[in-house]
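# Below are the sequence and a predicted model for it; my questions follow.
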Amino acid sequence: MTQETKASLDFNTTTFTNERRSAEDFAPIANEIRRDIVRMLVRAGSGHSGGPLGSADIFAVLYFGGYMRYDPARMDDTTHDRFVLSAGHMAPVMYAALANAGCYPKQEQETLRKYNTRLQGHPGRDMHLPGVETSSGSLGQGISIAVGMAMSDKLVDRNDRRVFSLTGDGELQEGSVWEAAMAASHFGLDNFCWLIDNNDCQIDGRVPDVMNVYPIDAKCESFGFDTIVVDGHDYADLMRGFDRFLENQRNKTGKPTAIIARTYMGHGVSFMNDKFEWHGKPPSKDQAIAALEEMSTMP
Amino acid sequence: MDLLGSKPTRFGFGDGLVDLGERHSNIVVLGGDITGSVMTSLFKEKFPDRFFSIGIAEQNATTIAAGLALSGKIPFFASYGAFCALRNADQLRISVAYNEANVKIGGGHAGISVGPDGATHQVLEEVAFLRTLPHMTMIVPADYYEARKATVAMGEMIGPAYIRFGRSPVPMFTTEESPFELGKANVLMDGTDVALIANGALVWESILAAKELAKKGISARVVNVHTVKPFDFATVTQAARECGCIVTAEEHQVHAGLGGAVAECTAKNAPVPIEFVGVKDSFGGSGDPEELMVKFGLTWREIYASALVAMERRDKGSSGVRAIRDVATYQD
Ligand SMILES: Cc1ncc(C[n+]2csc(CCOP(=O)(O)OP(=O)(O)O)c2C)c(N)n1
């Protein structure tokens, strides 16, 4: 891709494959996801910038590193590994990942949040966007759905499907998250991987100021998860986390895996970086141009 | 009834809370990580010692509020209505209503006019739930001043209460001086041919519909039932008797909300044909607020058309109804 295409507000048609990669190969994918997030949000005129941009690196590794096995042309089959976005407001990053994987046309990203779109403000299963496994947006519910899916796979169908679910860190304040966690380890769901986007930000401020949830790692550990803390912007470190999950499943440890990814809200766009004020708003046109300009110099 | 500007009802809630805070030292407010959007941030700035951030934990906040209430405080907890009316439904039922705890809930971003956030955030069912809870007071104000007065009134009454308010600006047509009494519906326009009974954002649409009907020589009565519980049986029964047919209008599922309350009341006291304007048994979706109000049939046009149907049913019996409404998805 040329620098010009990268800086453009328009969507392109580039897609990426899902395969085992070396750490250096993820940057162009993550950056294209970030650019699409900006392109989508500026058109929508509302929506969440901070969480989606900050977690783009996690999504690059999850969807394009061979950890989650799926066929972009057949997201409705009953054999692919599943991902549940528990933090439903972060939909733009999931939509961008699915588009860049070729699950649906990239151009359709321009419909985000518009009437009758498949890209609802929060994921809507009723709209049948390939790869959206469940509606979400009421925080703290997606992770329980994921646990139910993992139970279906491991305890009933006894197959080797994997289930991933991402929650925010503010989301951890919902008590139901911990009910889900308790059940995941109670049922020995080593096919379940919990991703926590630990950016320390939520709507009203820093997480410990709104309601302290730390220490997150010790909590996950004590709820029976094999817990690993990684730098959510370091691909090698993220891969270490996902590899650990695969190993747990392969070795049938009977323990679910928690990957706590330390991230910065809005990462990739310098004026948003680590600012909770960017949780729930889109860039203006000028800000979007500046963001894309800045990101065009990245791989 | 004239247009006096426009403002979101949530601003009325935020300002009303500050009014209350100034008058009563035992008013406390609980935050659920969206204090800016539901305007409790105004109270927080003025009375930081009486504001407590509970985080994203609506069930906990509701039950903590019950504990504060049982200790003589008057706690307000506000979030999006989707999460502080239904996520915490059991807590509201047992810890709040059954306890008769003096807990006040502010449910923001109600209805489909939330817009682009989509169905998960567009609560359309909570009026139905809350009005079935014993001891509960349920208020759906129509504009800024009504929301502000309702907030003060619910803070100064004793017992559990819930107020529903919206995100987008809505027309203002009441003033500081307009009468407001909890449980007492306001007749905004007098009329004898058909009663348009509404609350929330649909009150203004009913006024517009009444003005259009007047052009056809039809005299419509507009009744604002801002308090859905306790319900003003007298005013609604009188409207049914004097007009002989009714249209209800609300930004809520057509089932079991204001329309349901009106139907229960009139079935017993004065059975008359009723047409129901509301969301017809479907979830919402993303879009511009105004666009959605049109797509989901929540404007004066549907109220106007329904008034004609209601009158025809009254005059010719229900078998004579002409199919002049576009409510194909709703079976009634
Ligand atoms: C049950 C529920 N309560 C409240 C909200 C409103 N809300 C949406 S996102 C959010 C903050 C989430 O914080 P976090 O999980 O840290 O995500 P981030 O800010 O990092 O994107 C809140 C309170 C919601 N969607 N669901």
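That came through fine.

# and chain A, which residues reach chain B?
Neighbours of chain B within chain A, by Cβ under 8 Å from any Cβ of the partner chain: A:44-47, A:88, A:113-117, A:119-122, A:124, A:126-127, A:135-140, A:170-171, A:173-175, A:202-204, A:209-211, A:213. Every C-beta, even on glycine, is put in place using the N, C-alpha and C of the backbone.

# Could you give the number of residues near A:T13?
Other residues near A:T13 come to 9 when the count uses other Cβ atoms under 10 Å in any protein chain shown.

# Also B:L292?
24.

# in terms of contact, does it touch B:G115 like I think?
Yes: counting by Cβ atoms under 8 Å, B:L292 does reach B:G115; the two are 6.5 Å apart.

# Which helix runs longest in the chain?
Answering for chain A, as no chain was given. The single longest helix within chain A, with elements called by DSSP state H, is helix A:27-44.

# Chain B is the one I meant
In chain B, taking DSSP H as the definition, the longest helix is helix B:300-316.

# Give the buried residues for that helix.
Buried positions in helix B:300-316, judged by neighbour count with 16 or more other Cβ atoms under 10 Å in any protein chain shown: B:300-314.

# Once you drop chain neighbours, what's closest to the residue of the stretch 51-200 of chain A at minimum distance from the ligand?
With Cβ to the nearest ligand atom, the shortest gap between the stretch 51-200 of chain A and the ligand falls at A:G168, namely 1.9 Å. Closest residue to A:G168 apart from its sequence neighbours, by Cβ to Cβ, 6 or more residues apart in numbering or on different chains: A:A87 at 4.2 Å.

# tell me which strands and helices the longest helix of chain B is in contact with?
Contact partners of helix B:300-316 among helices and strands, from 3 or more Cβ pairs under 8 Å, 6 or more residues apart in numbering or on different chains; DSSP states H and E: strand B:194-198, helix B:202-215, strand B:246-253, strand B:274-279.

# Please repeat the previous calculation with a cut-off of 10 Å.
Contacts defined by 3 or more Cβ pairs under 10 Å, 6 or more residues apart in numbering or on different chains; DSSP states H and E place helix B:300-316 against strand B:194-198, helix B:202-215, strand B:220-224, helix B:233-243, strand B:246-253, strand B:274-279, helix B:289-295.

# Endpoints of stretch A:203-215, how far apart?
End-to-end span of stretch A:203-215 (Cα to Cα, to the nearest Å): 20 Å.

# Could you pull up the mean pLDDT of that stretch?
What stretch A:203-215 shows for mean pLDDT is 98.

# Touching, B:D33 and A:D169? I think so.
No: counting by Cβ atoms under 10 Å, B:D33 stays clear of A:D169, with 11.7 Å between them.

# so what sits against both of the two?
Common contacts of B:D33 and A:D169, defined by Cβ atoms under 10 Å, 6 or more residues apart in numbering or on different chains, comprise A:202, A:207.

# ok, those two, which is more surrounded?
More crowded of B:D33 and A:D169, by other Cβ under 10 Å: B:D33, with 26 against 23.

# Pull out the buried positions in stretch A:251-268.
Under the neighbour-count criterion of 16+ other Cβ under 10 Å, stretch A:251-268 has A:255-268 buried.

# Among those, which one sits closest to the ligand?
A:M265 (5.8 Å).

# In contact with that closest one, which residues?
Contacts of A:M265 were listed using Cβ under 10 Å, 6+ apart, and they are A:48-55, A:168, A:197, A:199-202, A:272-279.

# for it, helix, strand, or coil?
Under DSSP: H, G, I helix; E, B strand; the rest coil, A:M265 falls in the coil class.
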